[in-house]
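1. What shape does this take:
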Amino acid sequence: MLINTETMFSMTQANQNFSTVARTVDRAGEAMILRNNKPKYLVVDVENDNYIFDLSEDERVEIIGKRVLNKYINAFKELGR
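-> Below is the predicted model:
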C-alpha cells in the first residue's frame with residue numbers, strides 16, 4: 001500500500017479547513033484524517049463506485065456483519081437471555 005502524504009490531514013487541520021479536505025477528495029478520491037498521529041478516518045467520494053470493489057470478500061462480510069450487529073444489538077441481547 002502506498003501512502004500519499006498529500007492526502008493526509010491532522011484532526012485540527014480538518015476541523016479548521018474542511019473545504020481543503022473536500023477538495024483533496026475531489027482531486028485524489030480520498031483523504032486520511034489522523035488523530036494523535038495515527039490514521040483514524042478515511043474520507044471518500046461516495047460517487048466513486050470503484051472504492052467498495054477494492055475490498056476483499058472477507059472485508060465486505062465483516063463490514064456488513066458489524067452494521068447488522070450494531071443495528072440489532074438489543075434484539076441479539078434479548079435473544080441471548
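
2. Would you list the strands that whichever strand or helix holds residue 32 pairs with, along with their directions?
-> Assessed by DSSP states H and E, residue 32 sits inside strand 30-35. Using DSSP bridges, strand 30-35 pairs in its sheet with strand 8-10 (parallel), strand 38-44 (antiparallel).

3. can you give me how far the longest one is from the chain middle?
-> Computed by CA atoms, centre = their mean, to the nearest Å, the chain-centroid distance of strand 38-44 equals 6 Å.

4. For stretch 73-81, give me every contacting residue.
-> residue 69 (CB atoms under 8 Å, 6 or more residues apart in numbering). (Each C-beta comes from the backbone N, C-alpha and C, glycine too.)

5. returning to that earlier point: rank the strands paired with strand 30-35 by pLDDT, which is bottom?
-> Mean pLDDT per stretch puts strand 38-44 lowest among the strands paired with strand 30-35, at a mean of 90.

6. What residues sit buried inside that one?
-> residue 43 (16 or more other CB atoms under 10 Å).

7. what's the neighbour count on residue 8?
-> 14 (other CB atoms under 10 Å).

8. residues in contact with the closest residue to it other than its chain neighbours?
-> Nearest residue to residue 8, sequence neighbours excluded (CB to CB, 6 or more residues apart in numbering): residue 32, at 4.7 Å. Shown in contact with residue 32 (CB under 8 Å, 6+ apart): 7, 8, 9, 39, 41, 42, 43.

9. show me what contacts the fourth one?
-> Okay, so that is residue 39. 8, 32, 33.

10. how much space is there between it and residue 31?
-> Distance, residue 39 to residue 31, using CB to CB, to the nearest Å: 11 Å.

11. thinking again about what came up before, so which of the strands paired with strand 30-35 comes closest to residue 59?
-> Closest to residue 59 of those is strand 38-44 (CB to CB; 13.1 Å).

12. Thank you kindly, that will do.
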